[in-house]
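Asker: show me how the following folds:
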Amino acid sequence: MIGGGIVVVASVAFWVVTTRWLSEGAEPIADGSNEYALVLGAKVKKGGVPSKSLSYRLDAALQYANQYPHVKLIVSGGQGPDEDATEGSVMQAYLVEHGLSPDRIIIEEKAKTTYENIVYSLELLNMDISSLTIISSDYHLERAKMLADRLDLKVDVVAAKTPKIIEAKVHFRERFALVKSYILGE
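Answerer: The predicted structure is shown next:
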């Protein structure tokens, strides 16, 4: 009976802590003060079509880029085994197709994880950067901020909405990813 009680207490603690983390992800809201905004990749469907999650991230990026015309976007994401193209190339094509000038877009195409998105994007900039804006799905921002903090990078964020059809699944999965990133640092 004692072992079962410990499991219940640990489960409740896990749920409470990760709920707080998920809710804190969308702060601080980006205000255009950073020169660069990193748009984190997501699934690309057959034919190089952005998934709904990726489209929502890109729409948020377009809105932000239009609001702050001095900001350059870094689109980051490699190619998964079930993707026809790199996330970065699909993101760049989408943004250009929707009116963003190609000279405002930097493409990173190697990253397979959120940690790599940040590291490889910083390497592409080839300069010392201490702050950056991150654009991603609302549920994903706390982990991105946690990883950026491990790299001594100050960030503000733009939260893209999460498609309702996958919301429960990704929120559940993200709870475990948050704990993993907290423990392992990547």
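
Asker: low-confidence ranges in this protein?
Answerer: Within the chain, the set of residues satisfying pLDDT under 70 comprises 1-5, 7-23, 25.

Asker: ranges for the helices of it?
Answerer: 2-24, 52-67, 87-97, 114-125, 141-150, 164-184 (DSSP state H).

Asker: tell me the angle of the third one relative to helix 52-67?
Answerer: Looking back up the chat, that one is helix 87-97. Interaxial angle of helix 87-97 relative to helix 52-67 (axes from the mean of the first three to the mean of the last three Cα atoms, to 10 degrees): 50 degrees.

Asker: tell me which other helices or strands helix 87-97 touches.
Answerer: When contacts are defined as 3 or more Cβ pairs under 8 Å, 6 or more residues apart in numbering; DSSP states H and E, helix 87-97 packs onto strand 49-50, helix 52-67, strand 72-76, strand 105-108. C-beta here means a position set from N, CA and C on the backbone, and glycine is covered the same way.

Asker: by contact count, what packs against the third one?
Answerer: Pointing back at strand 72-76 there. When contacts are defined as 3+ Cβ pairs under 8 Å, 6+ apart, strand 72-76 packs onto strand 36-40, helix 52-67, helix 87-97, strand 105-108, helix 114-125.

Asker: export the ones you listed to TSV and tack on distance to Glu186?
Answerer: TSV is the format used below for the helices and strands packed on strand 72-76 (distance: least, Cβ to Cβ, whole Å):
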stretch	distance to Glu186
strand 36-40	14
helix 52-67	21
helix 87-97	19
strand 105-108	17
helix 114-125	4
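
Asker: for the ones you listed, could you give me a markdown table that also reports mean neighbour count?
Answerer: Shown next, in a markdown table, are those (neighbours: other Cβ atoms under 10 Å):
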| stretch | mean neighbour count |
| --- | --- |
| strand 36-40 | 26 |
| helix 52-67 | 20 |
| helix 87-97 | 22 |
| strand 105-108 | 21 |
| helix 114-125 | 20 |
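
Asker: Phe172 is nearest to which of the ones you listed?
Answerer: Proximity to Phe172 (Cβ to Cβ) singles out helix 52-67 among those, at 15.1 Å.
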